[in-house]
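Engineer: Turn this into a structure:
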Amino acid sequence: MSVSRRGFVAAATGLGAVLALAACGGQSAPAPATQAAQASAAATPFSYTDDRGKKIELPGTPGRIVAQVGSAAALWDFGVKPIAVFGPHKLESGERDPQVGNVDITQVKSLGNVWDEFNVEQYIGLQPELLVSSMYLKDTLWYVPEKSKDTIEKVAPSAGVMLTGRNATEVIAKYGDLAAKLGADINAPEITQAKTRYEAALQELEKLSAKGLKIELVSGSPDAMYVSTPEMVPDFKLLSDAGLDIVRPKVDAQGYFEPLSWENADKYEADVILFDSRTQALGLEEMKKKPTFAKLPAVAKGQVYPMWVETPYSYQKWAELLEGLVADLGKASKLP
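Structural biologist: Residues are numbered from 1 along each chain as shown. Okay, here's the model as predicted:
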């Protein structure tokens, strides 16, 4: 975590002193789109209860929002533009990480790009009014470091959106509700058009369940192949709720997946394999170098397709994902 000694000392000796210091010498952040919009939001009381059961009540609608990249991407597509992000948003090439969606990373501050990186001093200097992050565990904000969470929570209110146990449709609706409370017009033409695309693609996906394809959800690492359950993560739960036949592995204590050695990659039979295409996971060609994986019937038949896990929860991004998935599953067939 890139935080100066001055930042730590200031945080420890009193938040008020730190905010005063930041106001004098902190870095500036992008301003709201117009002064009129800012004034209108400031005049509108804000009330929101997040998925921790935490009620946030403010005299005006927060405009200076900092968000974990997944939350930032969802809010951005609903018309709410955070001033800073944390979590994977920039690839080594300098291009946007797909997890940050349509967010213009040249127009937002970066507080950290990898796990456990959050620049607390810079966060304080931005004078944020609200922090937003998703959650896999009820009281744990995704990508907010455990070691600095207490200081971060003192700077501004935070809102957590639970992912576990919900499908993508439900999570998108949650972000839409939050965006509306933050002043967005969630019935704007570009959003309603994307929602129509999304719903049409979801209907096509549901029709494909009639093919009876057995689908395995995997993520690869150098030492293991992880088979995911469809019950926990919104991305996969949506597929199960749409009627697709998903392999249900014997999950570990965390309940999300079953780790298998590559020698045991053939434990489950599947007609189709959907693999985690995030940058931190092994790519398909790397997985094919594992002999047992390469011999799987689905791999031999070419019925292995990418699925971007942690796709931003907006109608725009999920319409794209589902349309691609429908095209892939549409050309797949049952294996002998």
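Engineer: Show me the contact partners of stretch 215-223.
Structural biologist: Applying CB atoms under 8 Å, 6 or more residues apart in numbering, the contact partners of stretch 215-223 are 225-228, 230, 236, 239, 244-247, 257, 261-262, 268, 270-276, 281-282, 286-287, 290, 293, 298, 307, 309, 329. Every C-beta, even on glycine, is put in place using the N, C-alpha and C of the backbone.
Engineer: give me that answer again for 6 Å
Structural biologist: Contact with stretch 215-223 is made by 225-228, 236, 244, 246-247, 268, 270, 272-276, 281-282, 287, as judged by CB atoms under 6 Å, 6 or more residues apart in numbering.
Engineer: List the buried residues for it?
Structural biologist: For stretch 215-223, burial by neighbour count (16 or more other CB atoms under 10 Å) applies to 215, 216, 217, 218, 219, 220.
Engineer: the longest helix in this protein is where?
Structural biologist: helix 189-208 (DSSP state H).
Engineer: how far does that helix sit from the chain's center?
Structural biologist: 20 Å (CA atoms, centre = their mean, to the nearest Å).
Engineer: same deal with stretch 252-265?
Structural biologist: Worked out by CA atoms, centre = their mean, stretch 252-265 lies 22 Å from the chain centre.
Engineer: now swap in stretch 319-332 and tell me
Structural biologist: 20 Å.
Engineer: Contacts for that stretch next, please.
Structural biologist: 194, 197-198, 201-202, 204-205, 208, 213, 272, 303, 305, 311.
Engineer: quick one: the strands in the stretch 51-200 of the chain?
Structural biologist: Per DSSP state E, counting those that start in this stretch, the stretch 51-200 of the chain has strands spanning 55-58, 65-68, 84-86, 109-110, 130-137, 140-141, 158-162. These are given in chain order.
Engineer: Export those as JSON lines, with columns for distance to residue 74.
Structural biologist: Output for the strands of the stretch 51-200 of the chain, formatted as JSON lines (distance: least, CB to CB, whole Å):
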{"stretch": "strand 55-58", "distance to residue 74": "18"}
{"stretch": "strand 65-68", "distance to residue 74": "9"}
{"stretch": "strand 84-86", "distance to residue 74": "12"}
{"stretch": "strand 109-110", "distance to residue 74": "18"}
{"stretch": "strand 130-137", "distance to residue 74": "8"}
{"stretch": "strand 140-141", "distance to residue 74": "15"}
{"stretch": "strand 158-162", "distance to residue 74": "8"}
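Engineer: With mean neighbour count as added columns, please give the ones you listed in CSV.
Structural biologist: Output for the strands of the stretch 51-200 of the chain, formatted as CSV (neighbours: other CB atoms under 10 Å):
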stretch, mean neighbour count
strand 55-58, 13
strand 65-68, 28
strand 84-86, 26
strand 109-110, 18
strand 130-137, 22
strand 140-141, 19
strand 158-162, 22
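Engineer: what about the nearest residue to residue 246 once chain neighbours are set aside, how many residues close to it?
Structural biologist: Nearest non-adjacent residue to residue 246, counting by CB to CB, 6 or more residues apart in numbering: residue 230, 4.1 Å away. Counted with other CB atoms under 10 Å, the neighbours of residue 230 add up to 21.
Engineer: which stretches of the stretch 51-200 of the chain form helices?
Structural biologist: Here the stretch 51-200 of the chain has its helices, by DSSP state H, counting those that start in this stretch, at 69-77, 120-125, 149-155, 168-181, 189-208.
Engineer: quick one, which of the ones you listed is packed in tightest?
Structural biologist: helix 69-77 (a mean of 29; mean count of other CB atoms under 10 Å).
Engineer: Could you list every helix and strand in contact with that helix?
Structural biologist: For helix 69-77, the contact count by 3 or more CB pairs under 6 Å, 6 or more residues apart in numbering; DSSP states H and E identifies strand 130-137 as packing neighbours.
Engineer: repeat that for 10 Å
Structural biologist: Helix 69-77 sits against strand 65-68, strand 84-86, strand 130-137, strand 158-162, helix 168-181, helix 189-208, helix 315-331, with contacts defined as 3 or more CB pairs under 10 Å, 6 or more residues apart in numbering; DSSP states H and E.
Engineer: okay, the ones you listed in JSON lines with distance to residue 145 and mean pLDDT next?
Structural biologist: Shown next, in JSON lines, are the helices and strands packed on helix 69-77 (distance: least, CB to CB, whole Å; pLDDT from 0 to 100):
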{"stretch": "strand 65-68", "distance to residue 145": "12", "mean pLDDT": "98"}
{"stretch": "strand 84-86", "distance to residue 145": "9", "mean pLDDT": "98"}
{"stretch": "strand 130-137", "distance to residue 145": "12", "mean pLDDT": "96"}
{"stretch": "strand 158-162", "distance to residue 145": "13", "mean pLDDT": "98"}
{"stretch": "helix 168-181", "distance to residue 145": "23", "mean pLDDT": "98"}
{"stretch": "helix 189-208", "distance to residue 145": "33", "mean pLDDT": "98"}
{"stretch": "helix 315-331", "distance to residue 145": "26", "mean pLDDT": "97"}
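Engineer: Ok, which of those comes nearest residue 92?
Structural biologist: Proximity to residue 92, assessed across the helices and strands packed on helix 69-77 by CB to CB, is greatest for strand 84-86 (17.4 Å).
Engineer: Tell me the strands beside the closest one, with direction?
Structural biologist: When sheet partners are counted by DSSP bridges, strand 84-86 sits next to strand 65-68 (parallel), strand 109-110 (parallel).
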